[in-house]
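Enquirer: how would this look folded up:
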Amino acid sequence: MAIMKLKEVCTKIGSGATPRGGKEAYIEYGISLIRSQNVLDFAFTYDGLAYINEQQAERLRNVIVEKNDVLLNITGDSVARACIVPDEVLPARVNQHVAIIRANTNIVIGSYLLYYLQMVKPYLLQLASGGATRNALTKGMIEELEIEIPSLEEQKRIVSLIDDIQSKIRVNEEINNNIAEQIRTLCNAWLTDYEPFEGVCPDDWELTPLSSFTKFISGYSYKGAELQDSSTAMATIKNFDRKGGFKLDGYKEIVPSGKVKPEHHAKLYDTLVAHTDLTQNADVIGNAEPVLSFSGYQDIIFSMDVVKVLPDNPHVSKFLIAALLQTKQFKRHCLGYVNGTTVLHLSKKALPNYSLMMPKDFSVLKPLDDAVSVMYQKMASNIDENVQLTKLRDSILPRLMSGELDISELDI
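Expert: Numbering: from 1, shown residues only. Got it, this is the predicted structure:
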């Protein structure tokens, strides 16, 4: 197994620039401009993907992204995240916060490069934090990285195994996205189109305040000193994805003080609503997400930026609460109660003042409740499987790359 520098096994290492005019220069459709927010660990996200025109792209012709290129974030809080560019994104360019790392395929496979970068991410983070006010990886740092290069056949075997794990993770994510859409469709059919009632709102349904069948619990006010390594984690607005969804990597480990109350703890399937937002477009505030996984932590509490909504009616489950609040109608309502400029805040009146058409007898909704309960539990099962797959991947990756683990001995 040869040890080589990255510059010796790559045909290109380089980052781009922001087009002239900045964000105002972006267009609705065109050539993709990949930014750091699009690059996750092992995965690419289309959230916030920008587009530029042909003229802008021509000015960035030195950073044309090609099939199987590795993308590496080189600045900011997301530094050292890396993924392979999806074919569907091409043609594309990168901005100054993302580096293209293109493998010399006579020596190394692109996916092998990606998995190497993921394996040495702690070292990359250490490099990036050294001596600068902002985390950054320079081109020189990347070029000088040393990598162990086995034969191409051995690389293919290693890549194949990790690819299989990644593929299963992606399939579970796609299944969950589909289930979430089914929940939205089902709720719309029941509560907007009244399909079970021949398309007509029943006479005994009435505009019902959310506060009449739920209770609201504010989160824990913590201090920075409490954020320490722990088996307890805290849910914060960092768990809320801009496009919807609950991000497990948003949990913050915490050793809470004696001031934490029993009601500050979150249980599985509790619904949390974001009450603060740092995004400019109110992407997060008012989003409701059920807790579908503890991600291996023994206990979860939730911060003061979040409010827990629990059922307060024997005929209403946690699952139905989540489904009722994960609607466009609820989001629009919340946006009418937002105040603030740099940091957005949701008024305490937002949740109590929300009303929706509901039956006087909540047991009428039992078929809907039962259906979404099964769906949310299936989502939770898929998430837990992905947590285990991620742990497996992260545990065997360094042993595979070093040759310590013989692939032929694995039974996965």
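Enquirer: For Ser295, which residues are in contact?
Expert: Ser295 makes contact with 233, 248, 251, 387, according to Cβ atoms under 8 Å, 6 or more residues apart in numbering. Quick note: C-beta positions are derived from backbone N, CA and C, even for glycine.
Enquirer: From Ile165, how far out is the spatially most central residue of the chain?
Expert: Central residue of the chain (Cα atoms, centre = their mean): Lys247, 4.3 Å from the mean position. To Ile165, Lys247 is 20 Å away according to Cβ to Cβ, to the nearest Å.
Enquirer: now Thr342
Expert: For Thr342 relative to Ile165 (Cβ to Cβ), the value is 41 Å.
Enquirer: between the two, who's got more neighbours?
Expert: Relative neighbour count places Ile165 above the other of Thr342 and Ile165, with 19 against 6, counting by other Cβ atoms under 10 Å.
Enquirer: Which helix or strand contains that one?
Expert: Ile165 is part of helix 152-191 when elements are defined by DSSP states H and E.
Enquirer: Where does the prediction get shaky in the protein?
Expert: 131-133, 407-412 (pLDDT under 70).
Enquirer: List the residues that contact the residue sitting furthest away from the middle of it.
Expert: The centre of the chain is farthest from one residue, Asp203, which by Cα atoms, centre = their mean lies 42.1 Å away. Shown in contact with Asp203 (Cβ under 8 Å, 6+ apart): no residues.
Enquirer: In a strand, it, correct?
Expert: No: looking at Asp203 with DSSP: H, G, I helix; E, B strand; the rest coil, it is coil, so not inside a strand.
Enquirer: Against Ser363, how distant is it?
Expert: 17 Å.
Enquirer: Would you map the helices across the stretch 1-150 of the chain?
Expert: Remark: helices assigned in the stretch 1-150 of the chain by DSSP state H, counting those that start in this stretch are 6-9, 54-59, 110-119, 121-128, 139-144.
Enquirer: Just list what the first one packs against, helices and strands only.
Expert: When contacts are defined as 3 or more Cβ pairs under 8 Å, 6 or more residues apart in numbering; DSSP states H and E, helix 6-9 packs onto helix 139-144, strand 146-149.
Enquirer: Identify the residues contacting that helix?
Expert: Counting by Cβ under 8 Å, 6+ apart, 13, 101, 103-104, 107-108, 113, 142-147, 149 sit against helix 6-9.
Enquirer: want to throw those into JSON lines with distance to Ile34?
Expert: Shown next, in JSON lines, are the contacts of helix 6-9 (distance: Cβ to Cβ, whole Å):
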{"residue": "Ile13", "distance to Ile34": "16"}
{"residue": "Ile101", "distance to Ile34": "13"}
{"residue": "Ala103", "distance to Ile34": "18"}
{"residue": "Asn104", "distance to Ile34": "22"}
{"residue": "Ile107", "distance to Ile34": "25"}
{"residue": "Val108", "distance to Ile34": "22"}
{"residue": "Leu113", "distance to Ile34": "17"}
{"residue": "Ile142", "distance to Ile34": "17"}
{"residue": "Glu143", "distance to Ile34": "21"}
{"residue": "Glu144", "distance to Ile34": "24"}
{"residue": "Leu145", "distance to Ile34": "21"}
{"residue": "Glu146", "distance to Ile34": "27"}
{"residue": "Ile147", "distance to Ile34": "23"}
{"residue": "Ile149", "distance to Ile34": "27"}
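Enquirer: Highest neighbour count among those?
Expert: That'd be Leu113 among those, by other Cβ under 10 Å, with 27 neighbours.
Enquirer: quick one, the helix holding Ile165 and helix 110-119 angle?
Expert: 80 degrees (axes from the mean of the first three to the mean of the last three Cα atoms, to 10 degrees).
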